Every structure is written in structure tokens, then in C-alpha cells.
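>>> Take this sequence and fold it.
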Amino acid sequence: MASNSALESTIDKILKNTEHDILTNIKTGLDESQQSLDDAIPKLESEYDKIISDGKKEADKIEKQITGSSDIEVRNKQLMVLEEAVDKVFSVALDQIANADRSGDYSNLIKTLIEEATKILGTSDISIFTNAKDKDAVQSALSQFSGAELLSETIDCLGGIKVKSKDGAMTFDNTIDARIERLKPLIRKEIAAKFGVGN
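Predicted coordinates for the structure are as follows:
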């Protein structure tokens, strides 16, 4: 009986230490991610203000050109200009992402993408696909995810990962490309609302 009690006590200590280590790692990762986000906000706000300013100038220019046209023509032209401006912004952003340094904050992003994927799929027994540029960052992050493996097959994307459960039943596209596609409608809607277009 005494040996069972000692064994239970040892197991409890190991579990408590493991739990403490996991919680500390999660908090550290969260703090680092929050700091990265906080550091990026001023730059994003500046870029956002410039986009809005340029967009307003372009909208004013177009508005003067189409004076006298019907309301439907005005609206259609505004939507087209807005769409072109949004496409240009996305094109510049995608180019910057494609040429981004793959260390530091980017490595933290990869860890976050893997964590998010495992939560969505509900399993850490996953196979991960990525592009050639991100292989090292993904491989480095995998040390924190037991049951996850990086496949040698590469995919065509700007960055990020695609994840498949090892039983093949579920997949989740968490590439930067897919995330941007999911955000595009929201960004377009917000920009259109700022200019009063499409309402």
C-alpha cells in the first residue's frame, strides 16, 4: 500500500510540474504574440491611413469625372475603382508577405497556425504540408507538438500550413493565402463603408 501511495504522490508531482511548464509556455507564447501584434499595430495603422487617404483622393477624382451621370453609373464606377484599389493593396501586401523574413515573429506565427489547426481539428495527430520557404520554420515548431509530422511534399502558397488529420478524415487550410481570402470580403466591406460605397 505504501508503495502505491508513494507512486501516486510521484505521479501527482510530475503532473503538477508538467502542468506548470505547459501553462508557463502558453503564457510566454501568448505574451510574445501579443507583443508582436502590439508592435505591428502602429505600422498597420499608418498603412491603413495611407490607403484610406489615397482611396479618398481617387474617389474624389472619380466623383468629379462622373458628375452628371446617373446614380447607378456613379455607384458602379465607384465600386470598380474601389475594387481596383483594394486589389492593388492586396497585391502589395502579398508581395511583402512572400518576401518576408522567415525567422523571429514569423516562427511564432507558424506555431500559432499549428496550434489553431490542432484546436479546429480536435487532434494533434496531424500531417502538415507547407511551402519550401517555410519548411525550416515548421520543422522547428514541431518540437512542441507531439503527434504532428511535416510531410516532404510541398504546396504552392505564400506561407503557412495545410493540415490533415492522420486518419485523413479532416483537413484545414491555414495558409496565409487562405486566411487572406477569408478576410478579403470583410476588408472590402469595411473600406466600402468608409467611402459610403455599395450601401
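>>> from here on, contacts and neighbour counts on C-alpha atoms
Will do.
>>> State the mean pLDDT of the host helix or strand of Ile11.
Applying DSSP states H and E as the criterion places Ile11 in helix 2-65. Here helix 2-65 scores 71 as its mean pLDDT.
>>> so after it, what's the next helix or strand?
Defined by DSSP H and E, the subsequent element after helix 2-65 is helix 71-98.
>>> Now do that next one: which elements does it pack against?
Contacts defined by 3 or more C-alpha pairs under 8 Å, 6 or more residues apart in numbering; DSSP states H and E place helix 71-98 against helix 2-65, helix 176-195.
>>> for the last one, which positions count as buried?
With burial defined by 16 or more other C-alpha atoms under 10 Å, the residues of helix 176-195 counted as buried are 176-178, 191-192.
>>> Hey, what's the angle from it to helix 71-98? Just curious.
For helix 176-195 against helix 71-98, the angle by axes from the mean of the first three to the mean of the last three C-alpha atoms, to 10 degrees is 140 degrees.
>>> Show me what the mean pLDDT comes to for helix 176-195.
82.
>>> again, but for stretch 84-92
Averaging pLDDT along stretch 84-92 gives 81.
>>> And the contacts of it?
For stretch 84-92, contacts defined as C-alpha atoms under 8 Å, 6 or more residues apart in numbering pick out 51, 55, 188.
>>> between those residues, which is closest to Glu45?
Ile51 (9.7 Å; C-alpha to C-alpha).
>>> I'd like to know how far that closest one sits from Lys88.
In this view, Ile51 and Lys88 are 10 Å apart by C-alpha to C-alpha, to the nearest Å.
>>> Neighbour count: those two, which is higher?
Ile51 (16 against 12; other C-alpha atoms under 10 Å).
>>> Skipping adjacent residues, who's closest to the more buried one in space?
Residue nearest to Ile51 in three dimensions, not counting chain neighbours: Val89, with 7.7 Å by C-alpha to C-alpha, 6 or more residues apart in numbering.
>>> ok, that neighbour to Lys56 distance?
14 Å.
>>> what's the answer for Leu186, then?
19 Å.
>>> ditto for Glu8
Taken as C-alpha to C-alpha, the span from Glu8 to Lys56 is 68 Å.
>>> Those two - which one has more neighbours?
Legend: neighbour count by other C-alpha under 10 Å for Glu8 and Lys56, higher for Lys56 (15 against 12).
>>> how much space between that one and Lys189?
Following C-alpha to C-alpha, the distance that separates Lys56 from Lys189 is 15 Å.
>>> Which residue is the nearest non-sequential neighbour of Ser146?
Ser146's closest residue in space is Ser124 (C-alpha to C-alpha, 6+ apart), at 6.9 Å.
>>> So that neighbour is in contact with Leu142, correct?
No. If you go by C-alpha atoms under 8 Å, Ser124 and Leu142 don't touch, sitting 10.6 Å apart.
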